[in-house]
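**Student:** Fold the following, please.
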Amino acid sequence: MGQWKLSPSDLTFLWDECKRCFYLKVRHDFRRPSAPFPAIFGLIDQKMKDIYLGHSTRRISPDLPEGKAIMSGRWVTSAPIIHSVSGNSAFILGIFDTVVQFDDGSFGVVDFKTTTVKSDHVNFYSRQLHAYAYALKHPMPGKLHLHPVTRLGLLCFDPREMSEQPDGGLNLMGPATWLECPLDEVSFVAFIDEVLTLLTLPEAPEAGTDCAYCSYRDASRNTGF
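**Tutor:** Sure, this is the predicted structure:
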């Protein structure tokens with residue numbers, strides 16, 4: 001029986017972009033080449049965590065129940081999720097941005113994004129948020145356990161303006177918009193079963209039609225380079 005590790009971000013980006021690349025990474029640890037990632041986005045993400053950590057959830061959004069941001073940047077590991085047919089399994093391993101605790105004792109998972117808000121953001125990032133929530137509710141023994149998780153959402157920072165400080169420094173400014181993600185663990189578990197169905201295949205599926213990585217690998221093989 002196989003047991004595979006699933007990254008929350010791969011369930012969003014890689015799964016949608018190319019099932020073949022997803023399969024090769026998860027089953028064979030054959031990864032795409034690392035692409036340069038501007039350090040500024042990681043810096044903005046960390047500063048957003050720092051701004052809200054230890055403060056009221058109402059600073060994130062007035063639509064949230066009263067509570068406090070209690071931790072950020074922590075690892076989560078889920079218990080194995082068993083495939084309904086093959087008996088193969090997978091577990092979730094990842095690092096969430098921030099967890100908040102509401103005054104009623106329940107928890108919420110917040111993910112920070114530096115982006116212009118789009119109508120499909122909630123659906124697109126839903127799997128990633130649900131992966132963190134699932135792992136917190138159903139952890140591997142000895143791993144971080146928080147229950148119940150009752151709220152999921154994105155805080156999107158959209159930099160639009162820059163102003164000069166008196167000392168010559170610069171301020172980057174823009175709106176921060178809260179996007180609530182409806183909780184649906186049943187659909188998420190059904191999605192993971194679909195993922196396990198793919199991973200159970202004896203060979204990798206066809207490449208995504210727009211996958212530049214697979215196109216490059218095919219061109220290399222076809223030209224002999």
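**Student:** Identify the residues contacting the residue most central in space within the chain.
**Tutor:** In the chain, the centroid-proximal residue (Cα atoms, centre = their mean) is residue 128; its distance is 3.4 Å. If a contact means Cβ atoms under 8 Å, 6 or more residues apart in numbering, then residue 128 has 8, 9, 11, 12, 111 as its contacts. Every C-beta, even on glycine, is put in place using the N, C-alpha and C of the backbone.
**Student:** List only buried entries from those residues.
**Tutor:** If you count burial by 16 or more other Cβ atoms under 10 Å, the buried members of the contacts of residue 128 come out as 8, 9, 11, 12, 111.
**Student:** For the second one, give its distance to residue 125.
**Tutor:** What it means is residue 9. For residue 9, the distance to residue 125 equals 9 Å [Cβ to Cβ, to the nearest Å].
**Student:** hmm, back to that, before we move on, which element is the residue nearest to the centre of the chain in?
**Tutor:** Using DSSP states H and E, residue 128 sits within helix 121-137.
**Student:** Let me know whether residue 25 touches residue 10 as I believe.
**Tutor:** Yes: between residue 25 and residue 10 there is a contact under Cβ atoms under 8 Å: 6.9 Å.
**Student:** So which of those two has more stuff around it?
**Tutor:** residue 10 (21 against 18; other Cβ atoms under 10 Å).
**Student:** The more buried one and residue 19: what is the separation?
**Tutor:** Distance, residue 10 to residue 19, by Cβ to Cβ: 11 Å.
**Student:** Repeat that for residue 64.
**Tutor:** Look at residue 64 and residue 19: by Cβ to Cβ, they are 36 Å apart.
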